[in-house]
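Enquirer: sharing a model that was predicted from the sequence below.
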Amino acid sequence: MTTPADCVELLRAMVRFDTVTPSASGRPEAEGELGAWLADFARRWGFHTRALPVAGAAPNILITCECGHDAPWLLLDSHLDTVGVEGMTIDPFGAELRDGRVWGRGAADTKGTGAAMLWALHESAAAGALAWNTALLLTVGEEHLQPGAQSFAARDLPTLGLRPWGVVVGEPTGMRVVAAANGYVRARVVTHGVAAHSSTPERGRNAIVDMARVISRLQSEHVGRRPAPHPLTGAGSCSINLITGGTQINVVPEQCEVRLDQRITPDQTPEQALAEMDQVLQRLREEDPTLRVSVAAAETAAPLPHDQNTAVAEWASATLRGAGQDGSIVGAPYTTNANRFAQFGLRCVVIGPGDIAQAHTAEESIGVEELHAGVRGYRALLETRDRS
Ligand SMILES: [Zn+2]
């Protein structure tokens, strides 16, 4: 293995690894090879590395560099997995360098940020310029339920003996500082009927017919009702996106299920959103006490709340601006590992080179200049301690 000559070559090498996230690729250890490869040359650069096990998945990789006993810790995070490659019109793993850009799955989301973070750490450490004890976490499974971030925050952080002053999560933000982000609730609403032969439907209760009423009420009384927009992340959203019900053409259906995807702002919690859905259902139950309908969360992600992250956001913004980067403080409608870390009380911002509009696209790419700007921005963060 030769060590890449620069950050662009590092990114191209990373893109050549197929790390399509386990839930989409069916490979539980999809990120394992890339993680081991990055750990290997992080050690050659003199960093300490650990493979931190994640249940049923490849390990997270933690790379650390201590600059002094009493220095606070700064944690950087970047995920190793990518979304799937269906429908891509370029070679997903070709890592072609053309027109001043690196092309391939993950080039923007988010191997570009991982390469820039690792390169910045290498340069800052080599220059003896680190202002923080620095940890770089390379996480698995971010594209589906974030088990890597969850496992690190819940299991590893309490025992590692490092409590970060702040966390910088790498996603393509154009080097703006995302300090607040929406979360989501994916809710499962089920109507329960009674199966019967379709020649005698009166002996059953049709769960699909019940669901038609439920959908109509959810649509008019919940889906369309949005709370006030959040100043950074905008309004939430909600839609009914999946439906299943019935087993055979000649059987009155016993069960019908719909799934709603509700994006919630930092002013809301997943629990509140679920309770509001249940209030709509409760009114229906009161109108028809024989109706059996339930709602439960299938998946949730808490929002990234702005007030928790203010100090880190202001430090990052001032530091990036001082280094000639954008640095404006903004919100994001999408969720990242930061949402998970924030649930454990960590103060997080999301910062990285590249454009989120490139993420998950058929021709994903990142500009070489953007990547270099990312290295400069991350270096500034690694070399500038908070003054407050
Ligand atoms: Zn990402």
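Expert: Perfect, I can see it now. Numbering: from 1, shown residues only.

Enquirer: can you read off the pLDDT for the residue nearest to P229 when sequence neighbours are not counted?
Expert: Using CB to CB, 6 or more residues apart in numbering and skipping the chain neighbours, the partner closest in space to P229 is A235 (4.2 Å). C-beta coordinates here come from the backbone N, C-alpha and C atoms, glycine included. According to the prediction, A235 has pLDDT 87.

Enquirer: right, and A235 touches I264 too?
Expert: No: counting by CB atoms under 8 Å, A235 does not reach I264; the two are 10.3 Å apart.

Enquirer: who's in contact with the residue of the stretch 151-300 of the chain found nearest the ion?
Expert: The ion sits closest to E171 of the stretch 151-300 of the chain, with a gap of 4.8 Å, by CB to the ion. Counting by CB atoms under 8 Å, 6 or more residues apart in numbering, E171 touches D109, T110, T113, V178, T336, V350, G352, I356, A359.

Enquirer: hmm, try it at 10 Å
Expert: By CB atoms under 10 Å, 6 or more residues apart in numbering, the contact list for E171 reads 77-79, 108-110, 112-113, 142, 178, 181, 332, 334, 336-338, 350-354, 356, 359.

Enquirer: do M117 as well
Expert: 7, 63, 76-78, 110, 134, 136-138, 168, 170, 351-353, 374-375, 378-379, 381-382.

Enquirer: got the residues of the stretch 1-150 of the chain near the ion?
Expert: Contacts of the stretch 1-150 of the chain with the ion, taken as CB under 5 Å from the ion, map to D109, T110.

Enquirer: how about low-confidence regions in the stretch 1-150 of the chain?
Expert: 1 (pLDDT under 70).

Enquirer: just the contacts of M117: which are in strands?
Expert: Those of the contacts of M117 mapping onto strands are I63, L76, D77, S78, T134, L136, L137, L138, V168, per DSSP state E.

Enquirer: show me what the helix or strand encompassing A297 pairs with in its sheet, parallel or antiparallel.
Expert: Secondary structure from DSSP states H and E places A297 in strand 293-301. When pairs are called by DSSP bridges, strand 293-301 turns out to pair with strand 183-192 (antiparallel).

Enquirer: touching, P92 and H360? I think so.
Expert: No: using CB atoms under 10 Å, P92 is not in contact with H360; the gap is 11.7 Å.

Enquirer: compare the two (neighbour count), which wins?
Expert: P92 (22 against 14; other CB atoms under 10 Å).

Enquirer: on the three-state scheme, that one is what?
Expert: With DSSP: H, G, I helix; E, B strand; the rest coil as the basis, P92 sits in coil.

Enquirer: distance check, it against L145.
Expert: According to CB to CB, to the nearest Å, P92 and L145 sit 23 Å apart.

Enquirer: list the contacts of the residue nearest the centre of the chain.
Expert: The C-alpha lying nearest the average C-alpha coordinate of the chain belongs to T336 (CA atoms, centre = their mean; 2.4 Å). Neighbouring residues of T336 by CB under 10 Å, 6+ apart: 77, 79, 109-110, 142, 146, 149, 169-171, 173, 178, 181, 301, 304, 342, 348, 350, 352.

Enquirer: and with 7 Å instead?
Expert: V169, E171, A181, V350 (CB atoms under 7 Å, 6 or more residues apart in numbering).

Enquirer: give me the pLDDT for the second one.
Expert: Looking at E171, its pLDDT is 97.

Enquirer: and what of the last one?
Expert: Per-residue confidence (pLDDT) for V350: 98.

Enquirer: for it, which non-adjacent residue is closest in space?
Expert: V178 (3.8 Å).

Enquirer: who in the stretch 151-300 of the chain is up against the ion?
Expert: Residues of the stretch 151-300 of the chain lying near the ion (CB under 5 Å from the ion): E171.
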